[in-house]
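1. coordinates only, no sequence provided:
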């Protein structure tokens, strides 16, 4: 079960003016589930995007980049679950193109105005005919209030649908920001088997939109990890439909910071939901590394802790085996780290300093902290002012079970 | 159960002239098991060493380096299991010093002539009084043929004792090389919760001994991984007692390469034994990466595959989920990798090329390869002549079980 996360109510995900979503059961991989999503963008919408750093990026990722490079207005997103269309070579690219052409034909736009996305099993041919056959029903289903339905459609091993929504007042206008995400395994920054779609009805310049997505992703999706695997398909899309009546927000606008922060808050909620629903997760862990010389070394240490299977299994067992955390700090790759200068906290409890167990350390108290479903590990490096946070989950029998059985 | 590995017979581990080993039950952590080992080195022995890169290196590692820096002849090794004396700060160093002083007193040498080693739980005070109390019995027990007994003594979560032995003829003399190792979790290069002791009775110059250990470790212990965690205590010691009657071997000697290769063969056998006995292992995987520009990029890709929990769980399930291997190659961090140029083989079967599934790929054949207990994954990068091999094991329910329960 996800750690302190339940799927949002449909009503809590506010419609975003200019955006409609529709889904259908196209039987991409399994029957009796919605698996093809179309998101329609009103004319005048702007789009910013971040994609996986994986060299083996999937065909739809290649095509998304190509279509965005054309610079034409994006009019629709096409997402299928069940098959990632990754590791599929030239054929995969052809399939992705064919699905964009089919949707463009139905929507009366150019194929370059469609962004395609796929998630699911890698290295199997995309059943493109079934996806294309499902498009009319998805278009028929387009509604502004279908955000939850869309979130359900893009799930793979996710247990719950993930969505978040905010409304803020900017210069007299109500601005809505709503997003959905999916992903629960192969989760790692830069990024995850992660799909995320966030839309606002604010009018935003392209430069501001690019700047906002960069700010948001570095504080949300790039701070999470489930298993350290970086997927072939990760994509985050930020859409500004420009329909809410505000004057266009640029990076110098008074409203810029407020919009950026609201988008970031939605992104954090969506990113954390992915960890809370991490495969087999029973604990949600926040790793805070403070007092570093720069953010990079704080992230190195945070990720060394968050990736260690030894630490993750100890958290699963609620065992305060803190030596494993010290060991991970030690091998994180921060060359000149003085381990005797750092302090390690579990919750509020100081557990290690001077290179060893803290004088006041009481294992029973640490064990009590470990029982909680949400645990904060804090490392004070005492060598600078930089900090970084990483969110992760524990490593349970069910992680093995889910990943040993995923395809069957 | 270890994958195709059983403990060696006591008789198969040839005594090494000049080396005697003795063990006792000192109740370091648990009763009714040998846990304190003394290895006595004859006068004139030379020692070379490699230690963990972990910044949080354990007190005995710090002391070993200090003692070796003195340049005095090493006369004994003192090893305890049950407690790693790591993350123990100043007190840990004091405990390690006290145990060296006690053994030096009993053996009539200086404390700097003792090398201490500890393995077991991290961040708990070393029960140094019990270790010291056990020393007379360990010394009483010293015998040249106690290699298997020594291997049993240093085990932690190991299921089987690990040893290897070779005899070669060099310029008319029979030279013996015998070694033992321990470790099964927190196993990663540079190095592991790994202790390894290899001794030869050949006479070898210090320069040649240093060169041999460097050669051997880079082809053995630095090619393995179980879970990617680098421990605080890893130590590999190579001893040359000089008692077999040969002329001292230097790096320019005719016999140098033969001795180096025999030591390396013993080191590989000991290192592979650690993976075969990896925590929860049911499969032994050899990852061969070939055709790279340099060894570093081949190792990056090898380790990306070997560390992926998604791949390791798929191997556990005998599921040829090859897309996960492609994904790992893609995120290994080789910047300009052309994924369409590489070939991926599972056993002898070509499974991927041109960025996707190979034309002749038959999943049933791949599934058959996956059933075996020993599986070779081969990646042909087609961009150079460098190669690297990584050995690892799969990731099973039992890995989680062992590490969730280790301290209890």
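-> Thanks, I have the structure now. Just so it is clear, the structure is predicted and the values come from calculations on it, not from any experiment.
2. ok, which stretches of chain A are helices?
-> Along chain A, counting by DSSP state H, helices occupy A:59-70, A:89-107, A:128-140, A:147-153, A:206-218, A:256-276, A:295-307, A:309-316, A:323-331, A:363-371, A:397-405.
3. and those as JSON lines, adding mean pLDDT, distance to chain B and mean neighbour count?
-> Where C-beta positions appear, they are placed from N, C-alpha and C, glycine not excepted. Listed next are those as JSON lines, based on pLDDT from 0 to 100; distance: least, C-beta to the nearest C-beta, whole Å; neighbours: other C-beta atoms under 10 Å in any protein chain shown:
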{"stretch": "helix A:59-70", "mean pLDDT": "96", "distance to chain B": "9", "mean neighbour count": "20"}
{"stretch": "helix A:89-107", "mean pLDDT": "97", "distance to chain B": "3", "mean neighbour count": "19"}
{"stretch": "helix A:128-140", "mean pLDDT": "98", "distance to chain B": "14", "mean neighbour count": "19"}
{"stretch": "helix A:147-153", "mean pLDDT": "98", "distance to chain B": "22", "mean neighbour count": "25"}
{"stretch": "helix A:206-218", "mean pLDDT": "96", "distance to chain B": "17", "mean neighbour count": "20"}
{"stretch": "helix A:256-276", "mean pLDDT": "95", "distance to chain B": "15", "mean neighbour count": "23"}
{"stretch": "helix A:295-307", "mean pLDDT": "92", "distance to chain B": "7", "mean neighbour count": "23"}
{"stretch": "helix A:309-316", "mean pLDDT": "85", "distance to chain B": "4", "mean neighbour count": "26"}
{"stretch": "helix A:323-331", "mean pLDDT": "86", "distance to chain B": "3", "mean neighbour count": "27"}
{"stretch": "helix A:363-371", "mean pLDDT": "86", "distance to chain B": "10", "mean neighbour count": "14"}
{"stretch": "helix A:397-405", "mean pLDDT": "73", "distance to chain B": "4", "mean neighbour count": "21"}
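4. need those in a markdown table with distance to residue A:119, can you?
-> Shown next, in a markdown table, are the helices of chain A (distance: least, C-beta to C-beta, whole Å):
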| stretch | distance to residue A:119 |
| --- | --- |
| helix A:59-70 | 9 |
| helix A:89-107 | 13 |
| helix A:128-140 | 13 |
| helix A:147-153 | 11 |
| helix A:206-218 | 18 |
| helix A:256-276 | 12 |
| helix A:295-307 | 23 |
| helix A:309-316 | 24 |
| helix A:323-331 | 30 |
| helix A:363-371 | 34 |
| helix A:397-405 | 16 |
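5. and of the ones you listed, who's closest to residue B:291?
-> Among the helices of chain A, helix A:89-107 comes nearest to residue B:291, with 19.1 Å by C-beta to C-beta.
6. so what secondary structure elements neighbour that closest one?
-> Helix A:89-107 sits against helix A:59-70, strand A:76-83, strand A:114-121, helix A:128-140, strand B:356-357, with contacts defined as 3 or more C-beta pairs under 8 Å, 6 or more residues apart in numbering or on different chains; DSSP states H and E.
7. quick one: the first one to helix A:89-107, angle?
-> In this structure, helix A:59-70 runs at an angle of 60 degrees to helix A:89-107, with axes from the mean of the first three to the mean of the last three C-alpha atoms, to 10 degrees as the basis.
8. what lies in contact with helix A:59-70?
-> A:47, A:49, A:51-52, A:74, A:85-86, A:88, A:92-93, A:95-97, A:100, A:111-118, A:126, A:232-235 (C-beta atoms under 8 Å, 6 or more residues apart in numbering or on different chains).
9. mind running it again at 7 Å?
-> In this structure, residues lying in contact with helix A:59-70 by C-beta atoms under 7 Å, 6 or more residues apart in numbering or on different chains are A:49, A:51-52, A:85-86, A:88, A:92-93, A:95-97, A:100, A:112, A:114-118, A:233, A:235.
10. average pLDDT for stretch A:41-48?
-> For stretch A:41-48, mean pLDDT rounds to 97.
11. and residue A:180, bridged to which residues?
-> On the basis of DSSP bridges, residue A:180 is bridged to residue A:163, residue A:197.
12. quickly note the distance from residue A:293 to chain B.
-> Residue A:293 is 15 Å from chain B, where distance means C-beta to the nearest C-beta, to the nearest Å.
13. apart from its neighbours in sequence, what residue is nearest that residue?
-> Once flanking residues are discounted, residue A:293 sits nearest to residue A:384: 4.0 Å by C-beta to C-beta, 6 or more residues apart in numbering or on different chains.
14. brilliant, that's me finished.
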